[in-house]
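>>> When you get a sec, could you give me coordinates for this:
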Amino acid sequence: MQTDTQFWKIYLDTCCLSRFFDDQTQTRIRRETEAISAILETFRDGEWKWLASKILEIEVNKNLNFSQRLRAISLLARANEFILLTEIEVLRATTLEALGFKSFDALHIASAESGAADILLTTDDQFLRRAKRVFERLYVRVENPYIWLQEVIRNGRSQNDRY
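Numbers count the residues shown, from 1 in each chain. Down below sits the predicted model:
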């Protein structure tokens with residue numbers, strides 16, 4: 001487990017970027033949104049590094065809601081590193097699909113692995129459950145943003161930090 005003095009490389013999937021558009025009256029959704037906002041702040045402040053990918057861009061552009069799509073695209077433009085979709089990622093995704101991942105989820109994992117991400121964050125429960133079942137076959141840890149951020153806070157953030 002890294003501490004707050006180390007530099008995290010974090011991959012956010014499409015569900016994380018879309019969480020801002022969900023019903024914020026639900027406690028779980030509001031907590032996840034707040035965690036994602038805090039994580040985005042650390043990217044802006046240069047404390048952590050945001051890895052994005054071509055598959056993330058493709059999936060964001062599939063959103064039929066124009067204003068949501070524009071907001072997600074503007075967020076995505078702030079990523080620190082962009083992983084292209086090459087044959088390597090496609091081949092790895094094929095292997096991951098055989099483990100039961102949906103195609104976009106498999107491509108997100110493959111992209112995060114290619115970018116040497118420390119963590120891939122998602123709010124998708126099915127994706128999380130599958131990743132937990134086959135974690136030993138993955139080269140990146142997959143977690144919920146709220147739960148992961150709480151862990152980081154417990155294990156290293158001081159009370160003076162904004163989290």
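>>> Doesn't Lys62 belong to a strand?
No - assigned with DSSP: H, G, I helix; E, B strand; the rest coil, Lys62 falls outside any strand and is coil.
>>> Okay, it and Phe101: tell me how far apart.
Distance of Lys62 to Phe101, given as CB to CB, to the nearest Å: 18 Å. (C-beta placed from N, C-alpha, C; glycine too.)
>>> Glu57 now?
Distance from Glu57 to Phe101, by CB to CB: 19 Å.
>>> More neighbours: which of the two?
Phe101 (22 against 17; other CB atoms under 10 Å).
>>> helix or strand right after the helix ranked longest in the chain?
Assignment by DSSP state H gives helix 27-44 as the longest helix of the chain. Downstream of helix 27-44, the first helix or strand assigned by DSSP states H and E is strand 49-53.
>>> I'd like to know which elements that next one is packed against.
When contacts are defined as 3 or more CB pairs under 8 Å, 6 or more residues apart in numbering; DSSP states H and E, strand 49-53 packs onto strand 9-12, helix 27-44, strand 81-83, helix 103-114.
>>> Could the C-alpha coordinates of that strand be exported in PDB?
Once non-C-alpha atoms are left out, strand 49-53 reads as follows in PDB (Å, rounded to 0.1, in the frame of the first residue of the first chain):
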ATOM      1  CA  LYS A  49      -1.200  11.600 -11.800                       C
ATOM      2  CA  TRP A  50      -4.400  10.900 -13.800                       C
ATOM      3  CA  LEU A  51      -4.100   8.300 -16.500                       C
ATOM      4  CA  ALA A  52      -6.800   8.400 -19.200                       C
ATOM      5  CA  SER A  53      -7.100   6.400 -22.400                       C
END
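>>> What strands line up against it, and which way round?
In the sheet, strand 49-53 lines up against strand 9-12 (parallel), strand 81-83 (parallel) (DSSP bridges).
>>> Can I get these in TSV including mean neighbour count, mean pLDDT and distance to Asp105?
Shown next, in TSV, are those (neighbours: other CB atoms under 10 Å; pLDDT from 0 to 100; distance: least, CB to CB, whole Å):
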stretch	mean neighbour count	mean pLDDT	distance to Asp105
strand 9-12	25	98	12
strand 81-83	18	97	15
